[in-house]
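# Give me a model of this one.
(one chain, ligands or ions: 1)
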Amino acid sequence: KQIYGAPVVGEHGRWLGVVIVMHDISELIRLEQIRKDFVANVSHELRTPITSIKGFSETLLDGAFKDEKMLISFLDIIHQESNRLQMLIEDLLELSRLEQHGFSVKIMPTSLQEVLIRAVELTSPRLDEKNMQFNVDIARDVTVAGDFNRLIQIFTNLITNAITYSPENTTITLRIKKNDEYGIVEVEDEGMGIDKSEIARVFERFYRVDKARSRNSGGTGLGLAIVKHIIEAHYGKIQVNSTVGKGTCMIVYIPLRKKRN
Ligand code: ADP
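This is a model prediction of the structure:
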């Protein structure tokens, strides 16, 4: 806290009292710390793939390219790491766009059913790779006040996570519901679950429960931060129900009617 004091003196130099001004700068310090952590995280996340791209290309140039097996395996790693770098940069740009003042979603009457059908199409290849299946309970449609493409982005992200953090041969269930105020979508998996103490933190940028697992599966650690921003731009909310070892249910609420501009 910063505190300034000054005496208040009246006519003939008589003391009337003291004015004290207090600035609570703890919030500013906290924001500054978040900014510093973010820069440190970004630097670390960028450095990891670059170090690996540099190392493997140098080894190849030093002669390893003559061994065809090594050539292919190292090129494969270089290719994967460049992809990771590209995804990370795209997610960072996306996050910074979402955080710009004036970012707005194009709110129109939008069918949740159409959104989910598209999100299912986009995520099916990954689902098939893991021999998983969808259980889709979206026969009843609900129209919400949403931005079609942004809603697709929310659900492809949530479904991709459900696939990533579940074992093979499990099921992902999608449900559409509603209450008086919101259209509700549930994305439920039979995966590893999230511990109670971590639930609030998974929406933070770069927070991962299991760093190695997330990286290996191509995650940037920014997906849920992006999801939360888009939901808030809709004046919606997201709730997480999860049991470790059993699975996770992500519940997204999008207003039925346009709230504000
Ligand atoms: P990532 O790129 O690491 O998946 P996200 O922001 O999408 O980044 O998610 C943050 C973290 O939340 C993940 O690293 C993972 O630990 C956890 N998480 C997200 N979705 C799920 C889920 N469906 N089941 C279990 N853990 C999850």
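# if I've got this straight, residue 5 is in a strand?
Yes - when DSSP: H, G, I helix; E, B strand; the rest coil is applied, residue 5 is found to be in a strand.
# just checking, it touches residue 18?
Yes - taking contacts as C-beta atoms under 8 Å, residue 5 lies within contact range of residue 18: 5.7 Å. Bear in mind the C-beta positions are built from the backbone N, C-alpha and C, glycine included.
# The ligand contacts on the stretch 51-200 of the chain?
Neighbours of the ligand within the stretch 51-200 of the chain, by C-beta under 6 Å from any ligand atom: 161, 162, 164, 165, 189, 191, 192, 193, 194.
# Give the helix, strand or coil label for the residue most central in space within the chain.
Taking C-alpha atoms, centre = their mean, the centroid of the chain lies closest to residue 224, which sits 1.9 Å from it. The three-state label given to residue 224 by three-state DSSP is helix.
# how close does the residue nearest to it when sequence neighbours are not counted get to the ligand?
In space, and not counting its chain neighbours, residue 224 is closest to residue 203: 4.9 Å by C-beta to C-beta, 6 or more residues apart in numbering. From residue 203 over to the ligand the distance is 7 Å, taken as C-beta to the nearest ligand atom, to the nearest Å.
# number of nearby residues for residue 203?
Residue 203 has 17 neighbours, counted by other C-beta atoms under 10 Å.
# For it, give me the pLDDT.
Residue 203 carries a pLDDT value of 95.
# what sits against it?
224, 225, 227, 228, 238 (C-beta atoms under 8 Å, 6 or more residues apart in numbering).
# wait, doesn't the first one sit right on residue 164?
No - counting by C-beta under 8 Å, residue 224 does not reach residue 164; the two are 11.8 Å apart.
# Please name the residues that touch the residue in the stretch 151-261 of the chain that the ligand sits nearest to.
Using C-beta to the nearest ligand atom, the closest approach of the stretch 151-261 of the chain to the ligand is made by residue 219 at 2.3 Å. Contact analysis of residue 219 by C-beta under 8 Å, 6+ apart lists 161, 164, 208.
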